[in-house]
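*Asks:* Structure for this input, please:
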Amino acid sequence: QVQLAESGGGLAQPGDSLRLPCAASGFNLARYAVAWFRQAPGKERERVSCIGITEGTTYSADFAKGRFTISRDSGKNAVHLQMNSLKPEDTAIYYCATGSSVPTLIAGRGSWGQGTQVTVSS
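*Replies:* You can find the predicted model right below:
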């Protein structure tokens, strides 16, 4: 069974860090591009970070640059989103998606996980 599963969400205080794993089962995630998206209540879904099949190829939204890092963990068939210096405006459901390329994911196509809730509040 092909599946993506996000985890690692929860309640954090401003300035804290969280790491969100996106684990794949049933296929080799290293052969696909992966992206993280998020959706806050009442807002449209937005891209956070993408990583291409060649690990050197990454893309991050302006709000994520300098704070969030996307990376592969080939040993665990996963992609991680390391989030540092969290802010209340980072509160959202975070989703990972996988597809044949970064442009495919940017176009909104691909396979999606169920999401993990991140809440940043003091």
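
*Asks:* going forward, measure contacts between C-alpha atoms and count neighbours the same way
*Replies:* OK.

*Asks:* what stretches of the chain score poorly on pLDDT?
*Replies:* Across the chain, the ranges flagged by pLDDT under 70 are 55-56.

*Asks:* what ranges do the helices span in it?
*Replies:* Per DSSP state H, the chain carries helices over the ranges 102-106.

*Asks:* Tell me which residue lies nearest the centroid of it.
*Replies:* Central residue of the chain (C-alpha atoms, centre = their mean): residue 36, 2.7 Å from the mean position.

*Asks:* Just grab the bridge partners of that one for me.
*Replies:* Residue 36 has the following beta-bridge partners by DSSP bridges: residue 49, residue 96.

*Asks:* Double-check it against residue 45; I have them as touching.
*Replies:* No: with contact defined as C-alpha atoms under 8 Å, residue 36 does not count as touching residue 45 (10.4 Å).

*Asks:* what ranges do the strands span in this structure?
*Replies:* 3-6, 10-12, 18-25, 33-39, 46-51, 58-60, 68-73, 78-83, 92-99, 111-112, 116-120 (DSSP state E).

*Asks:* Save the ones you listed as TSV, and put in distance to residue 105 too.
*Replies:* Compiled in TSV, the strands of the chain are given as follows (distance: least, C-alpha to C-alpha, whole Å):
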stretch	distance to residue 105
strand 3-6	15
strand 10-12	25
strand 18-25	15
strand 33-39	7
strand 46-51	8
strand 58-60	11
strand 68-73	15
strand 78-83	15
strand 92-99	6
strand 111-112	9
strand 116-120	19
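
*Asks:* list the buried ones in stretch 73-81?
*Replies:* The neighbour-count check on stretch 73-81 (16 or more other C-alpha atoms under 10 Å) flags 77, 78, 79, 80, 81 as buried.

*Asks:* ok, and for stretch 82-97, which residues are buried?
*Replies:* With burial defined by 16+ other C-alpha under 10 Å, the residues of stretch 82-97 counted as buried are 83, 84, 86, 87, 90, 91, 92, 93, 94, 95, 96, 97.
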